[in-house]
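1. Got a sequence here, can you build the structure:
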Amino acid sequence: MTTGAGSDAGSEAGKVRLEVPGEGGPAQLTALRQWLVADSALRGRVDWERRPPEPGQMGGVLDVLSVVVGGGGLTALLTPLCNWVASRRGSARVVVEHDGRRIEIDVKRAADPVAAARELLAAAREPGRE
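-> Now for the predicted structure:
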């Protein structure tokens, strides 16, 4: 699924996982899901993902969003995601994972969704990564 090094950040398709770390994470993740499903390009592509239960737990926790990105690629997701982060008060941040690569979107990174998509794709090309 990985494209060549010179490809556009918006062309990468696949499954993306989103987490909102910190206090209030579950409520913030619910708000993020509502924001994303309101975007016509993402409608029907956003779902809850259950994390496997820890030892001693009865069931998994719904603390991750799974988003299938298609033709618009990562930029189609990161644009509304960055808009959501920028609209939050305080220090909202979202951990984005795609194809084994992770970045954290905070208010500073939210200013440029295309650069965030490129950074996420570039993480796979860092030395020491497979």
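
2. quick one: stretch 93-107 to chain centroid distance?
-> 6 Å (Cα atoms, centre = their mean, to the nearest Å).

3. One more: stretch 67-82?
-> With Cα atoms, centre = their mean, you get 8 Å for stretch 67-82.

4. which residues does residue 87 contact?
-> Going by Cβ atoms under 8 Å, 6 or more residues apart in numbering, residue 87 touches no other residue. Every C-beta, even on glycine, is put in place using the N, C-alpha and C of the backbone.

5. Which residues in the lengthiest strand in the chain does the neighbour count mark as buried?
-> With secondary structure taken from DSSP state E, the chain has its longest strand at strand 61-69. In terms of neighbour count (16 or more other Cβ atoms under 10 Å), strand 61-69 has its buried residues at 64, 65, 67, 69.

6. now stretch 26-34
-> 28, 29, 31, 32, 33.

7. State the helix or strand in which residue 71 lies.
-> Assigned by DSSP states H and E, residue 71 falls within no helix or strand.

8. Show me the residue at the heart of the chain, geometrically.
-> residue 96 (3.4 Å; Cα atoms, centre = their mean).

9. Roughly how far does that residue sit from residue 26?
-> 18 Å (Cβ to Cβ, to the nearest Å).

10. cool, residue 112 as well?
-> Taken as Cβ to Cβ, the span from residue 112 to residue 26 is 28 Å.

11. Show me the shaky parts of the chain.
-> 1-13, 53, 57-62, 123-130 (pLDDT under 70).

12. ok so, going back, which other residues reach the longest strand of the chain?
-> So strand 61-69 is contacted by 12-19, 25-26, 29, 32-33, 36, 42, 45-51, 53, 76-77 (Cβ under 8 Å, 6+ apart).
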